[in-house]
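[1] build me a structure from this.
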Amino acid sequence: MPEKPIRVLHVDDQRLWRSTVSDYLTLFGDYEITSAESGEQALDLLRTNPFDIIISDYQMPEMNGIEFLHLVRKRGTSTPFIFLSGIRQEDIEGDAKESGADFYVMKTGDPSIVFSVLSEKIHQAITRYTTVQAVMNTQMEDSVPSSFL
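    Next up is the predicted model:
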């Protein structure tokens with residue numbers, strides 16, 4: 001039985017990048033990509049759609065990527081989160097990690113390398129998330145008295 005595609009929410013204010021991510025990322029795996037042009041639009045999509053991972057630009061008008069990530073986490077959503085940005089990693093890495101981002105990938109460079117790295121980071125983030133969820137579920141099951149099972 002084939003695995004389901006990875007459901008990606010991609011947030012970027014630049015239309016060219018939204019289409020580029022959709023076009024290239026699907027070359028590296030089975031992805032179902034939903035694009036949003038702003039953090040606000042992405043938050044609306046998150047209200048009604050489940051996603052396996054969120055990929056966001058950092059520098060966007062009205063709400064930057066860190067602000068968007070803060071709002072996502074404030075809602076209790078622990079979906080893996082990756083920044084895909086042209087801003088140097090050193091400039092935002094601390095804020096990104098502190099806010100709960102899993103990875104940061106630079107948008108600049110050879111597209112085949114950028115999207116290969118992005119695809120690898122997506123799989124790493126989802127694997128880590130799935131493992132943590134499984135451990136938490138096991139711990140919860142172990143802490144429930146057998147009379148409740």
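[2] could you use CA atoms for every contact and neighbour count after this?
    Fine.
[3] all strands of the chain, in order?
    For the chain, applying DSSP state E gives strands covering 6-11, 31-36, 53-56, 81-85, 103-106.
[4] now render those strands as TSV, adding distance to Leu118, mean pLDDT and mean neighbour count.
    Putting the strands of the chain into TSV (distance: least, Cα to Cα, whole Å; pLDDT from 0 to 100; neighbours: other Cα atoms under 10 Å) gives the following:
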stretch	distance to Leu118	mean pLDDT	mean neighbour count
strand 6-11	12	98	22
strand 31-36	12	97	19
strand 53-56	9	98	25
strand 81-85	8	94	25
strand 103-106	6	92	20
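[5] and those strands as CSV, adding distance to Met63?
    Formatted as CSV, the strands of the chain follow (distance: least, Cα to Cα, whole Å):
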stretch, distance to Met63
strand 6-11, 11
strand 31-36, 13
strand 53-56, 11
strand 81-85, 14
strand 103-106, 18
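[6] state the pLDDT value of the residue lying closest to Ser78 once chain neighbours are set aside.
    Once flanking residues are discounted, Ser78 sits nearest to Val72: 7.9 Å by Cα to Cα, 6 or more residues apart in numbering. The model reports Val72 with a pLDDT of 95.
[7] with that, I have no additional questions.
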